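**Q** Got a predicted structure plus its sequence, pasted below:
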Amino acid sequence: MPHHPKRHPHPHVGNNIPPTGPVSKISSFIITAFVATTTASVSYAAYYSLSSVAIFSALAGVANGEEEKDGSYFKEETKRDDVYGYEYVGFDTYPGIHLDDGTGVASNEVKVASLKNVSKALDAAGLDENGIIKNANGEHITLHPMHAHRTTCPVYGCPFLPLDIHYEEEVKTALEKMKKEASRDDSLLQSSGCETAATLTLIGYKGGKMSDQINQDRALVYSPYKYYNIDKSPSEGSQQPVARLLGAFDGHARYGEKVSEYVAKTLPALLASKLVQFDASPDNEVDKEQKMGQLLRDTFLELDATSPADPSGGCTASVVLQLGSKIYVANAGDSRSFIAAHVIPPDGSEAFTSIIHGTREDKPHLPIERERVEHMGGTVYLPNGFAVTGQGTTRVLYKDPTTGSTSGLAMSRSIGDWDAGEVGVVPDPVVDILDVGNIKQTVLTKLNSCASGVKEVEIDASGETKATNTQCLEYSEKDIKVFAISASDGLLDYVDEDTIAKYVAIGLYSREEIKTEEGTRTPHPLTACENLIYTAANGWQNDKGGRYRDDIAIAIADLG
């Protein structure tokens, strides 16, 4: 598989970045009320207006030359999985080139307003501006790498955070002990996983001394995600939904690790503050999916506006949020998230796993992405022969401020990357909405109609025939499990998604001991992640001969 680091100096062009087209700037920004004008930045304005969805809907109708009949801001698309026929809704939260002012970079006014929101959210979560727990006796909560002895957490819970499976000796030893002792004792690595969730990582190699390498990947799992605790005065007697949050954030460019660290620390607090406000809204059930899409988009845009991306840095963001039975998947960049169904047959036969939903990779060659980049004056680089073979890495070309040379970003959406933002790289996520209960019901219906009423015929020794139904088991909802995966492309480039889902399911749900050459092994979410990471690392080694390996991170969680 071809090597494609996220950013690199482009070998076929000089130091002059392609000229950008004219860009109209925001003439004014009002926090408490959105003034709709044709020059307004629809990518960033109107975060705080309660009527922003309706206003954007009207503008979308004007841009399309017609009114939106259903009053929705985002154009919904019904999607369907290929295995069970499960249908769900998704939409792109980017408003379109006709409503964009020509830049993926927030104005100073929007940055100030976003920073105010972020600061307020961090404070409510009990964190300072650096994401460190307040009054924690000097304890520094960091997302990488040494957090195993954390004792203090934000108000919405303790996250599972990724430790390095190979270069942290204590972690390596603990994982080996877990496997050798055939134990599911998650206390060995209690800060990185349990029986229902896990996250691990492996630092990459980009040349030079190993001691000089920096892991720019981040990941997290909050299970449970007690976002409602950020509200100091919750309604008395109110029942809170089951909530979980997981995600992967792949940093790139010179300071990519700073951006991915910032996003992973800040997103849970910022999202929690918005969810509490949403829950308190009296009309939150009206157009709920659209409003949740707007909420997630606002979260991504505010993270982008406040990220430490100067002078050069960015990260992907692939997030799964579970609220009760609902699953919200938001993705920007080429990390990916998956929702999968695992079926355990009631007769004890072999279980099987299928992916229900997988996010797309936001790549510059995709028609809608390329159109935006070129509309904003940018250039999409296509490798020789790409149009015929589809092989190679497409890139958005931009001028790197740290080197002055033209570089190429291997994605069309991200958090940060402000210089690439000038030529069409945006943080707006694609959002998909699924439902755990509906997934189970759809799978159950399919499984229990396995032969469409046609039974097998068995002939006994006397020549008599009798109907049998040995292949059609009677499944129940408890036989079906739903889980989520978020991972960086360091894993996905060398392990296919079906293999990832299969082994994650074994780690989450199998209780049977597995005999290997090294001895008996008991599956566990942590060791499943470890095995997948090593499989990907071996792929990099075989392909690159040890000259390069991308950072690798994965986060997984059972959703019920």
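**A** Thanks, I have it.
**Q** Could you identify the helix or strand that succeeds the top helix by length along the chain?
**A** Counting residues, the longest helix in the chain under DSSP state H turns out to be helix 256-280. Scanning forward in sequence from helix 256-280 by DSSP states H and E, the next helix or strand is helix 288-306.
**Q** For that following helix, name the packing helices and strands.
**A** Using 3 or more Cβ pairs under 8 Å, 6 or more residues apart in numbering; DSSP states H and E, the elements in contact with helix 288-306 are helix 52-63, helix 108-124, helix 256-280, strand 317-323, strand 326-332, strand 415-416, strand 430-435. Bear in mind the C-beta positions are built from the backbone N, C-alpha and C, glycine included.
**Q** List the buried residues for the third one?
**A** By that I understand helix 256-280. 256-276, 279 (16 or more other Cβ atoms under 10 Å).
**Q** now stretch 477-486
**A** Within stretch 477-486, the residues that qualify as buried by neighbour count (16+ other Cβ under 10 Å) are D479, I480, K481, V482, F483, A484, I485, S486.
**Q** Among those residues, name the ones in strands.
**A** I480, K481, V482, F483, A484, I485, S486 (DSSP state E).
**Q** Out of the residues you listed, which is nearest to R395?
**A** When those are compared for distance to R395 (Cβ to Cβ), S486 wins out at 23.6 Å.
**Q** Could you find the closest non-adjacent residue to the residue nearest to the spatial centre of the chain?
**A** By Cα atoms, centre = their mean, the mean C-alpha position of the chain lies nearest to S318, the distance being 1.5 Å. What sits nearest to S318 in space, not counting adjacent residues and going by Cβ to Cβ, 6 or more residues apart in numbering, is S335, at 4.1 Å.
**Q** That neighbour: how many residues sit nearby?
**A** As a burial measure, the neighbour count of S335 was computed by other Cβ atoms under 10 Å and equals 30.
**Q** now swap in the one 10 residues further on and tell me
**A** If you count neighbours by other Cβ under 10 Å, P345 ends up with 13.
**Q** same thing with K399?
**A** Once other Cβ under 10 Å is used to define contacts, K399 is seen to have 18 neighbours.
**Q** angle of the longest strand along the chain against strand 317-323?
**A** For the chain, the strand reaching the highest residue count under DSSP E is reported as strand 243-252. Interaxial angle of strand 243-252 relative to strand 317-323 (axes from the mean of the first three to the mean of the last three Cα atoms, to 10 degrees): 180 degrees.
**Q** I'd like the distance from stretch 372-381 to the chain centre, please.
**A** In terms of Cα atoms, centre = their mean, to the nearest Å, the centre of stretch 372-381 is set 25 Å apart from its chain centre.
**Q** thinking again about what came up before, tell me which other helices or strands the longest strand of the chain touches.
**A** When contacts are defined as 3+ Cβ pairs under 8 Å, 6+ apart, strand 243-252 packs onto strand 197-202, strand 217-222, helix 256-280, strand 314-315, strand 317-323, strand 480-487, strand 552-558.
**Q** at 6 Å instead, please
**A** Of the remaining helices and strands, those touching strand 243-252 by 3 or more Cβ pairs under 6 Å, 6 or more residues apart in numbering; DSSP states H and E are strand 217-222, helix 256-280, strand 314-315, strand 317-323, strand 480-487, strand 552-558.
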